[in-house]
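Asks: build me a model:
(one chain, ligands or ions: 2)
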Amino acid sequence: MKKRILSGMRPTGPLHLGHLFGALDNWVKLQEGYDCFFMVADWHALMSEYEDPSNLSKYILECVADWIASGIDPEKSTIFIQSHVKEHLDLYMIFSDFVPLGWLERCPTYKEQLRELSKRRLHTYGFLGYPVLQAADILLYRAYAVPVGQDQLPHLELTNDIAEKFNNIYPEARHFSKIKPLLTDMPKLLGIDARKMSKSYGNFIALGDSEKEITQKCSKMFTDPKRIKLSDKGHPDTCNLYAYYKLLKKGDVPKVFEYCTKAKLGCTECKKDLADLISDYLSDIRMKRENLLKDKDKIYSILEHGAQKARKVASETMSEVKKAIGMV
Ligand code: TRP
Ligand code: SF4
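Replies: Ligands and ions are numbered 1, 2, ... in the order given. Below you'll find the predicted structure:
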């Protein structure tokens, strides 16, 4: 029996290169060794998008298409939508009763998100409870581990705290085991403006971007700040573009280094070359996602199949939990 892992993404915008290198590539590899559950966290998306959820359904379908196009295999992994499995909210409710407010108010991601998404009205009851729902997502499937980025570590710690508190309050119930994070060793890819690649900054290259969009975005990328003129020698190690070259492992990376440091390669040309490499790298994913998005029924049937598999595990956990608490 393979160990189970669970992870999720919020469908709040198009998936981009940060998702691909920071998470998806890792998920694809994990499929071989683990029983993988991959969840589109639509309830979590609604927590920040509730004022204008008009794009939610589009982002949900695109998210699933992007996953599959990137190599998540619905035959191997369980792909589902959080809101299709009602037990998430059941367990979330039970946890809500005993999670102290202080744990949530102190959570560093909470404070950071309030700052980052300052245009949204997020001083809400729901948003404060974000990590409680995430804990329910994870514990519902009794996941052994959760592949996440560094930024999610506080949520995993909270998950373990919540599990422990549950075990203490309801010693009769089947215990929730500690879960562990599976971090990727991928270096962080920055956005075109060299800040963190993020939907809120609009500085990303999406998996579905056309060649033209990629070329435009690359032409705006920040380069070595010390290189002003073509005749200045460049410093690839402090240039965001060079980080992309290294990560893509495509093109002649040592040559870019050599020519840049000898001032034999101009940044404009370097940007055009990078755009071509990225377009080429994404061409397969782009084609697959477009084909999938033309066949929405196929996506729906994958999701229905995934929800059925997820419900089977989730309902088992929930009946154990309710029984131990004394609910019928
Ligand atoms: N909070 C996660 C993020 O923003 C998304 C998420 C929701 C998740 N539920 C999860 C990740 C459960 C891992 C496990 O990326
Ligand atoms: Fe960066 Fe390329 Fe310009 Fe060198 S030539 S500074 S690697 S964009």
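Asks: now the nearest residue to Phe37 once chain neighbours are set aside: which helix or strand?
Replies: Of all residues not flanking Phe37 in the chain, Leu6 sits nearest, at 4.3 Å (Cβ to Cβ, 6 or more residues apart in numbering). (C-beta placed from N, C-alpha, C; glycine too.) When elements are assigned from DSSP states H and E, Leu6 belongs to strand 4-9.
Asks: which residues touch the residue nearest to Phe37?
Replies: Residues in contact with Leu6 (Cβ atoms under 8 Å, 6 or more residues apart in numbering) are Cys36, Phe37, Phe38, Met39, Asp137, Ile138, Tyr141, Ala143, Val146.
Asks: you'd agree the second one is in a strand?
Replies: Same thing as Phe37. Yes. The secondary structure assignment for Phe37 places it in a strand, going by DSSP: H, G, I helix; E, B strand; the rest coil.
Asks: surely it is in contact with Tyr141?
Replies: Yes. Proximity of Phe37 to Tyr141 meets the contact threshold set by Cβ atoms under 8 Å, at 5.6 Å.
Asks: closest to Leu207 among the contacts of Leu6?
Replies: Ranked by distance to Leu207 (Cβ to Cβ), the contacts of Leu6 are led by Phe38 at 15.6 Å.
Asks: which residues does the closest one contact?
Replies: Applying Cβ under 8 Å, 6+ apart, we find Phe38 in contact with Leu6, Ser7, Gly8, Trp27, Trp67, Ile72, Ser77, Thr78, Ile79, Phe80.
Asks: recalculate using a threshold of 10 Å.
Replies: Residues counted as contacts of Phe38 (Cβ atoms under 10 Å, 6 or more residues apart in numbering) are 5-9, 23-24, 27, 30-31, 63-64, 67, 72, 74, 77-80, 147, 306.
Asks: which phi and psi does Met327 have?
Replies: Phi and psi for Met327, reported as degrees, to the nearest 10, are phi -90, psi 150.
Asks: okay, it: pLDDT?
Replies: Turning to Met327, the model gives it a pLDDT of 93.
Asks: before we move on, what about Leu189?
Replies: Reading off the per-residue confidence, Leu189 sits at a pLDDT of 89.
Asks: how many residues are close by it?
Replies: With neighbours defined by other Cβ atoms under 10 Å, the count for Leu189 comes to 21.
Asks: if I look at it, how far off is ligand 1?
Replies: Remark: distance between Leu189 and ligand 1 (Cβ to the nearest ligand atom, to the nearest Å) = 16 Å.
Asks: report the contact partners of that residue.
Replies: 16-22, 196-197, 204-205, 240, 243-244, 247-248.
Asks: just the buried ones from those, in ChimeraX syntax?
Replies: In ChimeraX, a selection of the buried entries from those looks like this (16 or more other Cβ atoms under 10 Å):
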select :16,17,18,19,20,21,22,196,197,204,205,240,243,244,248
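Asks: out of the contacts of Leu189, which two are the most distant from each other?
Replies: Using Cβ to Cβ, the contacts of Leu189 span at most 18.9 Å, a distance reached by Lys196 and Leu248.
Asks: hmm, Asp73 is touching Lys288, no?
Replies: No. Under the criterion of Cβ atoms under 10 Å, Asp73 is not in contact with Lys288, lying 12.0 Å apart.
Asks: these two - which one has more neighbours?
Replies: A side-by-side neighbour count of Asp73 and Lys288, using other Cβ under 10 Å, places Lys288 first with 17 against 12.
Asks: so what's the more buried one closest to, chain neighbours aside?
Replies: Using Cβ to Cβ, 6+ apart and skipping the chain neighbours, the partner closest in space to Lys288 is Ala69 (3.7 Å).
Asks: per-residue pLDDT of that neighbour, please?
Replies: The pLDDT attached to Ala69 in the predicted structure is 98.
Asks: and for Ile179?
Replies: We have a pLDDT of 97 for Ile179.
Asks: that one: neighbour count?
Replies: Using other Cβ under 10 Å, the number of residues around Ile179 comes to 21.
Asks: same question, His235
Replies: The burial count assigned to His235 is 15, neighbours taken as other Cβ under 10 Å.
Asks: in space, what's closest to it - neighbours in sequence excluded?
Replies: Ranked by Cβ to Cβ, 6+ apart and with sequence neighbours excluded, the top spatial neighbour of His235 is Asp224, at 4.9 Å.
Asks: is the one you found in a helix, a strand, or coil?
Replies: coil.
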